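Trainee: sequence first, then the predicted structure, then my questions.
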2 protein chains.
Amino acid sequence: MSDATPTRPTGYSAWRLIAEELRADITEGRLQTGDRLPPESALATRFGVNRHTARQALASLAAEGLIESRRGSGTFVTSSAVHVHRIGMRTRLSTSLGNGHQPSGRVIESALETAPAHIARRLGIADDGLAVRVESLRTVDGEPFALGSRWFDAARLPDIAASLRRTSSITAALRASGVDDYVRVSTVVSARHATATESGLLGLGSGAIVLVTEALDALPDGTPLQHLVTRFAAQRVRLDIEHPDPTA
Amino acid sequence: MSDATPTRPTGYSAWRLIAEELRADITEGRLQTGDRLPPESALATRFGVNRHTARQALASLAAEGLIESRRGSGTFVTSSAVHVHRIGMRTRLSTSLGNGHQPSGRVIESALETAPAHIARRLGIADDGLAVRVESLRTVDGEPFALGSRWFDAARLPDIAASLRRTSSITAALRASGVDDYVRVSTVVSARHATATESGLLGLGSGAIVLVTEALDALPDGTPLQHLVTRFAAQRVRLDIEHPDPTA
């Protein structure tokens, strides 16, 4: 629904409202890569603001890399906008992006600690047992994309943090620990504002949003393997949920 | 592991760990709507932190609308807690919430119009064909929960808007049009700031976030049926993605 209403809540500046409408046009496909945006004067009319305000909205989207202004020819939706990350039973970030994009990751911290109670329960960790927690930063084409927090049962995978630091690939790290296959059994998606630390690590501006997935991966026999919380920069991702083919 | 210490990472601060535990208490039902949370001093003792840290955890949950502080009487789980909406091949909002919650919906607008090109393509609407668009507001237990925009091929389902206005149930409305069964074939999830109109209809404050799903439902033989964009109040929903049972 495109709603060019001039009313808005206090504290939510006009330019940001316009930027959000245009962002929705782009991420929801009404404006596609290479499309030209309406000129500032047309945006000003559509939203009932002056040209300066329309320009500020465009500048904020340009700063995010969603659009770019080409001198003399207008403002265009850029190709670098949004990555589609597929979520399915056997999806790995390393293979889900496609289109020649280069995902990469590095461990930024790991620890051996008591897991939060709900995570310990999920992983089947005994009351006095420890968890390995690994924090990593994922990039795509060199740009920060997501932060991952992983928990494992320390009794079963004591060396997983060291392996992850060596390989940066969860699949390879698990294989080094004797886990050849795993499947996604649960994914819960939510969204909230990024914390200051998340904004810093992901290179986001103030008021930015993270799309959060909380997932459980398991061995093919159902044994819990890893609890994984991923915080994606919402402005850079769309999560494509895998459904069974109804005609298969 | 070189850094096997109980220290917390940058990015996962003490207050956030506490907020996550309390969030889990709420979303997993150990703390229910109207329950009073323990006072800051008790939380500080329970988690081994100072009161300032406990207060920061509570503030972050309050900012999400999960809890609210009432001057002089304490902090309470608000009625607008969080509903879990399952997304799967055969999920309907009307049955996905469970736990006795009462979902309801009403059509707030409908139109016969040319669909945006990417939607026309998805629905297989001919170049000069028209689409029926239906906008509705979903509530749960009387509280605004989500806004839905649905598109149908007008040539195939000319009466769908009228049926939806009568029944408020998509399943019943489709049955009245001769469609007895349909399945979800595609769901894409993203998040952005709510527009002013969305904030107004959903009863959200400034800076609020919507979790957006763009979905395609089809007949069991794969024929496209409806393109559906749903904008959930992010502070009130977690989307639970259905994965196949690996042991089945």
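Mentor: Received it, and whenever you're ready, just let me know what you need. Residues are numbered from 1 along each chain as shown, chains lettered A, B, ... in the order given.
Trainee: ends of stretch A:188-202, what's the gap?
Mentor: 21 Å (CA to CA, to the nearest Å).
Trainee: what is the neighbour count of A:Arg70?
Mentor: 9 (other CB atoms under 10 Å in any protein chain shown). For glycine as for every other residue, the C-beta is placed from the backbone atoms N, C-alpha and C.
Trainee: pretty sure it is touching A:Phe76, no?
Mentor: Yes: counting by CB atoms under 8 Å, A:Phe76 is a contact partner of A:Arg70 at 6.3 Å.
Trainee: strands along chain A, start to end?
Mentor: A:67-70, A:74-77, A:83-87, A:103-113, A:131-140, A:143-153, A:183-193, A:209-218, A:224-233, A:237-241 (DSSP state E).
Trainee: and the last one, is it in reach of chain B?
Mentor: Spelled out, that is strand A:237-241. Yes: using CB under 8 Å from any CB of the partner chain, strand A:237-241 reaches chain B at A:237-241.
Trainee: kindly indicate the member of those residues with the most neighbours.
Mentor: Scoring the residues of strand A:237-241 next to chain B on neighbours with other CB under 10 Å, the highest-scoring entry is A:Leu239 at 25 neighbours.
Trainee: domains in chain A, by residue range?
Mentor: Per automatic domain parsing, the structural domains of chain A span A:14-77, A:83-241.
Trainee: among those domains, which gets the worst mean confidence?
Mentor: When the domains of chain A are compared by mean pLDDT, domain A:14-77 comes last with a mean of 82.
Trainee: quick one: end-to-end length of that domain, please.
Mentor: Taking CA to CA, the first and last residues of domain A:14-77 lie 21 Å apart.
Trainee: now it: how far from the chain's centre is it?
Mentor: 23 Å (CA atoms, centre = their mean, to the nearest Å).
Trainee: likewise for stretch A:120-138?
Mentor: Centre-to-centre, stretch A:120-138 and its host chain are 22 Å apart (CA atoms, centre = their mean).
Trainee: what about that stretch, start to end distance?
Mentor: Stretch A:120-138: ends 25 Å apart by CA to CA.
Trainee: quick one: buried residues of that stretch?
Mentor: A:120, A:122-123, A:125, A:130-138 (16 or more other CB atoms under 10 Å in any protein chain shown).
Trainee: A:Ala196 - how many residues pack around it?
Mentor: 11.
Trainee: so how far is chain B from it?
Mentor: Here A:Ala196 is placed at a distance of 10 Å from chain B (CB to the nearest CB, to the nearest Å).
Trainee: how about A:Asp180?
Mentor: For A:Asp180 relative to chain B (CB to the nearest CB), the value is 14 Å.
Trainee: just A:Thr53 next, same as before
Mentor: 14 Å.
Trainee: right, is stretch A:106-114 up against chain B?
Mentor: Yes: for stretch A:106-114 and chain B, the contact criterion (CB under 8 Å from any CB) is met by A:108-114.
Trainee: can you put those residues in a markdown table and add neighbour count?
Mentor: Output for those, formatted as a markdown table (neighbours: other CB atoms under 10 Å in any protein chain shown):
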| residue | neighbour count |
| --- | --- |
| A:Ile108 | 15 |
| A:Glu109 | 18 |
| A:Ser110 | 23 |
| A:Ala111 | 20 |
| A:Leu112 | 16 |
| A:Glu113 | 17 |
| A:Thr114 | 15 |
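Trainee: any chance of those in TSV, plus distance to B:Arg90?
Mentor: Formatted as TSV, the residues of stretch A:106-114 next to chain B follow (distance: CB to CB, whole Å):
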residue	distance to B:Arg90
A:Ile108	40
A:Glu109	41
A:Ser110	40
A:Ala111	41
A:Leu112	42
A:Glu113	40
A:Thr114	40
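Trainee: show me which pair in those residues is furthest apart.
Mentor: Farthest pair in the residues of stretch A:106-114 next to chain B (CB to CB) is A:Ile108 and A:Thr114. Separation: 20.6 Å.
Trainee: I figured A:Gly205 was touching A:Ser199, is that so?
Mentor: Yes: counting by CB under 8 Å, A:Gly205 does reach A:Ser199; the two are 7.2 Å apart.
Trainee: look at these two and report which has more neighbours.
Mentor: A:Ser199 (17 against 11).
Trainee: now the nearest residue to the more buried one once chain neighbours are set aside: phi and psi?
Mentor: Nearest residue to A:Ser199 in three dimensions, chain neighbours excluded: A:Ala208, at 5.6 Å (CB to CB, 6 or more residues apart in numbering or on different chains). According to degrees, to the nearest 10, the main-chain angles of A:Ala208 amount to phi -70, psi 160.
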